[in-house]
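Colleague: okay, here's the prediction I keep looking at, along with the sequence it came from:
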Amino acid sequence: NPEDMEMLVASMDEVDKKLNEEVGQVLEVIGHTIGTYQKKEEVTDEDTGELKEIIRTKHNLVLFTSDGKSHATGSEACFQSYGLIVGMLKRTPSRENPMKLQVINRPAKEQGHSYLGLKYIKGEN
């Protein structure tokens, strides 16, 4: 619908919020966009110790909420978290069938580090 198209077009220039600044918030998600891009990275070969350049596919995730806002992240962990939720529920959020998702930080194995993620809020959708 025109309102949804307006949200989408507006998010192409600038998003309303960054997910990493919304930890603890519950979002009523009605849609999403996913962008992919290639990024060159240098990694150390474990066998030779040499630096080599590889190209990785990265993702941007933008969630749209029922209040007309866009929420973006470049976090691969958050992208994977969202994909898992959508895949396991076998549906994507919509205006007619929104999903309540909480923005969370998951601790990493390394101390002092965490990963951005999403948690499905059961029974409220």
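Modeller: Yep, it's here.
Colleague: longest strand anywhere in this structure?
Modeller: Looking across the chain with DSSP state E, the single longest strand is strand 26-44.
Colleague: that one - what's its average pLDDT?
Modeller: Model confidence over strand 26-44, given as mean pLDDT, is 93.
Colleague: buried sites along it?
Modeller: The neighbour-count check on strand 26-44 (16 or more other C-beta atoms under 10 Å) flags 27-32 as buried. C-beta here means a position set from N, CA and C on the backbone, and glycine is covered the same way.
Colleague: gap between it and the chain center?
Modeller: On the basis of C-alpha atoms, centre = their mean, to the nearest Å, strand 26-44 is displaced by 6 Å from the centre of the chain it belongs to.
Colleague: give me the residues contacting the longest helix along the chain.
Modeller: Ranked by residue count, the top helix of the chain under DSSP state H comes out as helix 76-89. Helix 76-89 is contacted from outside by 19, 32, 34, 58-59, 61, 63, 73, 92-93, 99, 101, 106, 115-120, using C-beta atoms under 8 Å, 6 or more residues apart in numbering.
Colleague: list buried residues within those residues.
Modeller: By 16+ other C-beta under 10 Å, these give 19, 32, 59, 61, 63, 73, 93, 99, 101, 116-118, 120 as buried.
Colleague: in this structure, which spans are strands?
Modeller: Using DSSP E, strands in the chain cover 17-18, 26-44, 51-65, 70-73, 99-107, 114-120.
Colleague: including distance to Gly87, could the ones you listed go into CSV?
Modeller: Shown next, in CSV, are the strands of the chain (distance: least, C-beta to C-beta, whole Å):
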stretch, distance to Gly87
strand 17-18, 24
strand 26-44, 13
strand 51-65, 14
strand 70-73, 18
strand 99-107, 13
strand 114-120, 12
